[in-house]
Structures are given as C-alpha cells and as structure tokens.
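**Q** Quick one: sequence plus predicted model below, questions after.
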Amino acid sequence: MNLHSRILVPLLAIAALGAVYAPAAEARAWVGISVGIAPPAPRHERVIVRRGYVRAPGYWRWAPRRHAYAWRAGYWMRARPGWRWVAPRWVPRGPHWVFRAGYWTRLGHVRP
C-alpha cells in the first residue's frame, strides 16, 4: 500500500460516513411556562418618568427550582418611536396560568 492509498482510504471512509449521516431538522417552537398556581398580585414600584425611555414593569416569574414565584424588578428600556411595549403577563388558561413574555408592537397594532 503506497502513501496515496494510506491517505485516500481513510478520507473516503470519512466522506462516506458524512454522506450517510443526516442530522435531524431543527424545529423552532415557542416554549411557554404553564403553572397550576396563580401568581401573587403585582408589587407596586414607584418610578420617576425618564425622557426617551420606557419602563418595563416588574412581574412575577416562575422559579422552577424553588417551585415558587420570584419577583423580577422592572427596568428601563430606550424608547422606540412608533412602537409601544406590551408588558409580560400571566394569562389564565383552564386550571393553569400561562406566562406571556413582554414584546414591542407597532402603535395601533393589537396582538391576541
């Protein structure tokens, strides 16, 4: 077996394995949180208006390791002209509560 054969045979074997291997297609799906316990009432956060910014209010997030809600304090985001911020919220769905993350939406546009 000469030098070319020693290099060529393993490379062909690797190429053949690569041709046979086909990874699974990536699925993109929304993953939500559903909890059987209603969230506590929102905490009141006293804030001062800041020009050019929008306040994302605090909300209760689910802490799976603790099996309890944990408060996520509100924060400031730079305003986006022509857009408005829809705050994150918990929505009742049957006997459970489903978390809906906050998002930006164009003014006048309503998302269900």
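**A** Received the coordinates, thanks. Because the structure is a prediction, the values reported are computed rather than measured. Numbers count the residues shown, from 1 in each chain.
**Q** Tell me the helix or strand right after the worst-scoring helix or strand of the chain on mean pLDDT.
**A** The weakest-scoring helix or strand in the chain, judged by mean pLDDT, DSSP states H and E, is helix 3-20 (a mean of 61). Per DSSP states H and E, helix 3-20 leads on to strand 34-35 as the next helix or strand towards the C-terminus.
**Q** Same question for stretch 41-59: list its buried residues.
**A** Across stretch 41-59, burial judged by 16 or more other C-beta atoms under 10 Å covers 55-59. Placement of C-beta: from N, CA and C, glycine included.
**Q** Of the residues you listed, just say which sits nearest to residue 87.
**A** Taking C-beta to C-beta as the measure, residue 87 sits nearest to residue 57 out of those, at 5.2 Å.
**Q** Quick one: residues contacting the closest one.
**A** With contact taken as C-beta atoms under 8 Å, 6 or more residues apart in numbering, residue 57 is in contact with 42, 45, 74, 87.
**Q** who's in contact with the first one?
**A** By C-beta under 8 Å, 6+ apart, residue 42 lies in contact with 57-60.
**Q** so can I have a markdown table of these showing distance to residue 70?
**A** Conversion of those to a markdown table gives the following (distance: C-beta to C-beta, whole Å):
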| residue | distance to residue 70 |
| --- | --- |
| 57 | 15 |
| 58 | 11 |
| 59 | 10 |
| 60 | 7 |
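**Q** With respect to residue 81, which of those residues is nearest?
**A** The nearest one, if we look at these relative to residue 81 and count by C-beta to C-beta, is residue 57, at 20.7 Å.
**Q** before we move on, back to that, possible to save the buried residues of stretch 41-59 as a markdown table with distance to residue 105, secondary structure and pLDDT?
**A** Compiled in a markdown table, those are given as follows (distance: C-beta to C-beta, whole Å; DSSP: H, G, I helix; E, B strand; the rest coil; pLDDT from 0 to 100):
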| residue | distance to residue 105 | secondary structure | pLDDT |
| --- | --- | --- | --- |
| 55 | 16 | strand | 93 |
| 56 | 14 | strand | 94 |
| 57 | 16 | coil | 94 |
| 58 | 20 | coil | 95 |
| 59 | 17 | strand | 96 |
